[in-house]
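Enquirer: what would the 3D arrangement of this be:
(6 chains)
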There are 4 protein chains.
Amino acid sequence: MPKVDDAHREARRQQVLDAAIACFARTGFHQTSMADILQEAGLSAGAVYSYFSGKDEIIAAVAESRHRQEAQLNAAATAHADPIEALHRLARAYAGWMFDPSAAGKLRRRVGVQSWAEALHSPEIRAQVLRGLSAAKDALGALIRRAQADGRIAAAFDPEALARAMVALFQGFVLQLAWDEQAADRDTHLAAVEGLLAAITRDPRRGAAHGRERRPH
Amino acid sequence: MPKVDDAHREARRQQVLDAAIACFARTGFHQTSMADILQEAGLSAGAVYSYFSGKDEIIAAVAESRHRQEAQLNAAATAHADPIEALHRLARAYAGWMFDPSAAGKLRRRVGVQSWAEALHSPEIRAQVLRGLSAAKDALGALIRRAQADGRIAAAFDPEALARAMVALFQGFVLQLAWDEQAADRDTHLAAVEGLLAAITRDPRRGAAHGRERRPH
Amino acid sequence: MPKVDDAHREARRQQVLDAAIACFARTGFHQTSMADILQEAGLSAGAVYSYFSGKDEIIAAVAESRHRQEAQLNAAATAHADPIEALHRLARAYAGWMFDPSAAGKLRRRVGVQSWAEALHSPEIRAQVLRGLSAAKDALGALIRRAQADGRIAAAFDPEALARAMVALFQGFVLQLAWDEQAADRDTHLAAVEGLLAAITRDPRRGAAHGRERRPH
Amino acid sequence: MPKVDDAHREARRQQVLDAAIACFARTGFHQTSMADILQEAGLSAGAVYSYFSGKDEIIAAVAESRHRQEAQLNAAATAHADPIEALHRLARAYAGWMFDPSAAGKLRRRVGVQSWAEALHSPEIRAQVLRGLSAAKDALGALIRRAQADGRIAAAFDPEALARAMVALFQGFVLQLAWDEQAADRDTHLAAVEGLLAAITRDPRRGAAHGRERRPH
DNA sequence: TATGAATGAGACTTCATTCAT
DNA sequence: AATGAATGAAGTCTCATTCAT
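Expert: Numbering: from 1, shown residues only, chains lettered A, B, ... in the order given. I've put the predicted structure just below:
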């Protein structure tokens, strides 16, 4: 019955990953020892090593699970017909995930920031991070181009640069939130992002484009 | 002649810090061994340990020197009488430093990102990072408030939130540049930041402001 | 089955302590390296460090085990009803232990002397040594007082000073033996101690005290 | 002018030795670093190394100076014509030196105890200590034999064993005093030693030996 | 002679990983 | 499959000693 075995295997792997996330969020990848993870998971060394080849694979798997979840956000949000509405939905989807005030959200931010640093010297994690960045930029870029085609965003904007800036804004907020969870709440962050969005959007109902009537949200 | 000794001492410390920065940028704080730093610096263990009490002090000194340089940017740029001009100068000063395409700039970004991660569990580095963040936010916030008093930025903006967003934008760009130095050049980043700035600024030469109906949040 | 584990743990700790005693006796606490102990014990560094937190704890445990054994001597010997007989038994018990000509006795003396020196700057070992000294002095002092009450030892003796002197005599012999195992045998030492004892003891069967029949050895 | 140079050299050596004694008394031979000694002496490394070949030579010289001083005690005291009086003088000379309550005496005891431990594994120091022990035993033994020839000490005593016991008594007192300087004063120790002496001495004016007139303290 | 910066062997300790049970 | 004791390479740091100045 491989199905049962696979389910069991998957459950055990998740148990290890959850423990690892808790430890990594607390002390960072390289200051967390395997012993810390074993204790947090309540498993023996032998057990953990039968599911993962080593610490590096655990780090990679933690980063990978983060990446997988992120990828779903893009797909879900960009389906909407109206590009501006899709942009807003995408922003809300990301904000909901990254600014999540729950304990899980806090762990995610902290591990996320560590991964960003780790990406500087781990080829695997770098690839993941860059893939995630590209996916977000591509999704945003496509929507921006559609909006520009509709005359809803000034053609003068470089879609790539604009997409990059929107992601940067998110990333900076995640950093600030990771350093100080009290820094601001989810709505504050979302408002800022949507403000940027509104500032560059033309009102579609007016003949002449004007930034002045834009409603940030 | 303490001057000679002090100069020598300072030179040696800098030699170690330079070596450490090179190593940290390459492999991260905790995957860099003291042996790596010794080799890079071309010094013996004993020599290095006579200038620093240990690896932690080196990490702290590296982060500290970064922080010290950053602090000077705020002061230099905010002196201008016109708040909008001061904001632009501040943006350019930060951009010039953080997006510096030279090797030194690249090292700075990479070490900076590591420090951001390290700040999550090192009280000292966290304090430095938060101090730097506060200083930047305060400088920006003061200028924004002056601009609002002059009617140059819509009063509806929360100065604190706006300042925070401008910093976030910078931080996100630094991250993206650190991951991929080819991602964009200094001008692209600066243009994006100045674009945001322009989008929220009223034209002072016009009787009626044009940003007036927008409610950023 | 904690019993098995505990037994195993205790056996391993003892294995380390035995190795440490051999090394310490040979080269002293601070000139013995952990590598020496590891080799002598036939264990790896990791194994030893899972039983002891470090070298200091091993030193303390070695001194402690010595102290524990010594404490039993006092209790066993002082139970006798006749105080003079109890004094002799105590002297014989100590002599049997401290002048033991076996290899174990030799190790004990050598480590003991090192502990005496170590007690000068290690608070833990000093406390142990002083506790052992007090226990011996107290046991002797109580017996001396009982003998004085019975008129068997001249009331003019200060019991505390006499006890201290008897202990000093033992300690000096241990030193001399440690320096030169051929210096004298157990009987010689015991004879000297019992000689001192006899010299201060009145013959209970005689009306008048006489030191003259004593045979110092 | 070699005389001046020699005097200078000797003064410098003594300066180092004094510093070393202070350090050794405080922390023991092997936990005192050369840096400690340099600082205490107020000399540079190069200076110290031009007077001593290394730490071992300093340790040996410290032990040696102690030994030299001790040797003078024997000679001075044993010159007296009456062997019993000479024994008392010898005891007082040793007591005066070893139980000296001054700071110098305290240092001497502490360094002495360390030397005793060091003698277990350093051939040089062992030789010194054994030479000192032999000298004392020989001086005492000679006096005891003279006293026995005069009928002042019972012939039944083994002179060697008796001498050894008297030295042991001193050594034990030194130990106890080093551990706790408040343990007893010089007079108490001297009284105990003289008490032992009296206990084995026959009254020369009486035909029959009597221990009973002895005054233990 | 004197200095003290520099050396580098070696000390203690940790921890990712293995493997006999 | 699971355990956890054991391994040992590698890490950080110290300190006796040297040598250019």
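Enquirer: surely A:Gly172 and B:Met166 touch.
Expert: No. A:Gly172 lies out of contact with B:Met166 (Cβ atoms under 8 Å); the separation is 9.0 Å. C-beta coordinates here come from the backbone N, C-alpha and C atoms, glycine included.
Enquirer: count the residues that sit near the residue of chain A found nearest DNA strand F.
Expert: Closest to DNA strand F within chain A is A:Gly46: 1.5 Å, counting by Cβ to the nearest atom of the strand. Close neighbours of A:Gly46, defined as other Cβ atoms under 10 Å in any protein chain shown, add up to 8.
Enquirer: quick check, the host helix or strand of it touching chain C?
Expert: Element membership of A:Gly46 [criterion: DSSP states H and E] is helix A:45-51. No. Using Cβ under 8 Å from any Cβ of the partner chain, we find that helix A:45-51 stays clear of chain C, coming within 12.6 Å at best.
Enquirer: avg pLDDT for that helix?
Expert: Averaging pLDDT along helix A:45-51 gives 96.
Enquirer: how about it against DNA strand E, any contact?
Expert: Yes. For helix A:45-51 and DNA strand E, the contact criterion (Cβ under 7 Å from any atom of the strand) is met by A:45-46, A:49.
Enquirer: adding distance to A:Leu87, write these out as a markdown table.
Expert: A markdown table is the format used below for the residues of helix A:45-51 next to DNA strand E (distance: Cβ to Cβ, whole Å):
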| residue | distance to A:Leu87 |
| --- | --- |
| A:Ala45 | 48 |
| A:Gly46 | 50 |
| A:Tyr49 | 46 |
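Enquirer: for A:Val48, which non-adjacent residue is closest in space?
Expert: A:Val16 (5.6 Å; Cβ to Cβ, 6 or more residues apart in numbering or on different chains).
Enquirer: would you agree that neighbour is in contact with A:Ile58?
Expert: Yes. Using Cβ under 8 Å, A:Val16 is in contact with A:Ile58, at 6.6 Å.
Enquirer: shared neighbours, these two?
Expert: Both A:Val16 and A:Ile58 are contacted by A:37, A:52, under the criterion Cβ atoms under 8 Å, 6 or more residues apart in numbering or on different chains.
Enquirer: quick one: which of the two has more around it?
Expert: More neighbours surround A:Ile58 than the other of A:Val16 and A:Ile58, with 25 against 22 (other Cβ under 10 Å).
Enquirer: that one and A:Leu17 touch, don't they?
Expert: Yes. At 7.2 Å, A:Ile58 counts as touching A:Leu17 under the criterion of Cβ under 8 Å.
Enquirer: identify the residues contacting A:His173.
Expert: Careful, residue A:173 is Phe and not His. Taking Cβ under 8 Å, 6+ apart, we find A:Phe173 in contact with A:98-99, A:184, A:189, A:192-193, B:164-165, B:168.
Enquirer: where's the residue most central in space within chain A, which helix or strand?
Expert: Taking Cα atoms, centre = their mean as the criterion, A:Glu70 is the residue nearest the geometric centre of chain A, at 4.9 Å. Assessed by DSSP H and E, A:Glu70 sits inside helix A:55-77.
Enquirer: against which helices or strands is that helix packed?
Expert: Contact here means 3 or more Cβ pairs under 8 Å, 6 or more residues apart in numbering or on different chains; DSSP states H and E; on that basis helix A:55-77 packs against helix A:2-27, helix A:83-98, helix A:103-118, helix A:123-149.
Enquirer: what's the most buried one of these?
Expert: Highest mean neighbour count of the helices and strands packed on helix A:55-77: helix A:103-118, a mean of 21 (counted as mean count of other Cβ atoms under 10 Å in any protein chain shown).
Enquirer: tell me the mean pLDDT for it?
Expert: Computed over helix A:103-118, the average pLDDT equals 96.
Enquirer: mind giving me the packing neighbours of it?
Expert: When contacts are defined as 3+ Cβ pairs under 8 Å, 6+ apart, helix A:103-118 sits against helix A:2-27, helix A:55-77, helix A:83-98, helix A:123-149, helix A:159-179, helix B:103-118.
Enquirer: try 7 Å this time
Expert: Helices and strands touching helix A:103-118, by 3 or more Cβ pairs under 7 Å, 6 or more residues apart in numbering or on different chains; DSSP states H and E, are helix A:2-27, helix A:55-77, helix A:123-149, helix A:159-179, helix B:103-118.
Enquirer: of the ones you listed, which is nearest C:Cys23?
Expert: Across these, C:Cys23 has its closest neighbour in helix A:55-77 (35.1 Å, Cβ to Cβ).
Enquirer: hmm, that closest one touching DNA strand E?
Expert: Yes. For helix A:55-77, a contact with DNA strand E is found by Cβ under 7 Å from any atom of the strand, at A:55-56.
Enquirer: A:Ala77 contacts A:Leu90, doesn't it?
Expert: Yes. The pair A:Ala77 / A:Leu90 is scored as a contact, 3.9 Å apart, by Cβ atoms under 7 Å.
Enquirer: would you mind putting the helices and strands packed on helix A:103-118 into TSV with distance to C:Phe157 alongside?
Expert: Putting those into TSV (distance: least, Cβ to Cβ, whole Å) gives the following:
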stretch	distance to C:Phe157
helix A:2-27	65
helix A:55-77	71
helix A:123-149	81
helix A:159-179	75
helix B:103-118	70
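Enquirer: mind putting these into a markdown table with distance to DNA strand F?
Expert: Converted to a markdown table, the helices and strands packed on helix A:103-118 look like this (distance: least, Cβ to the nearest atom of the strand, whole Å):
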| stretch | distance to DNA strand F |
| --- | --- |
| helix A:2-27 | 5 |
| helix A:55-77 | 13 |
| helix A:123-149 | 19 |
| helix A:159-179 | 25 |
| helix B:103-118 | 14 |
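Enquirer: quick check: buried residues in stretch A:48-56?
Expert: A:48, A:51-52, A:55 (16 or more other Cβ atoms under 10 Å in any protein chain shown).
Enquirer: farthest pair in the residues you listed?
Expert: For the buried residues of stretch A:48-56, the farthest-apart pair by Cβ to Cβ is A:Tyr51 and A:Lys55; their separation is 12.6 Å.
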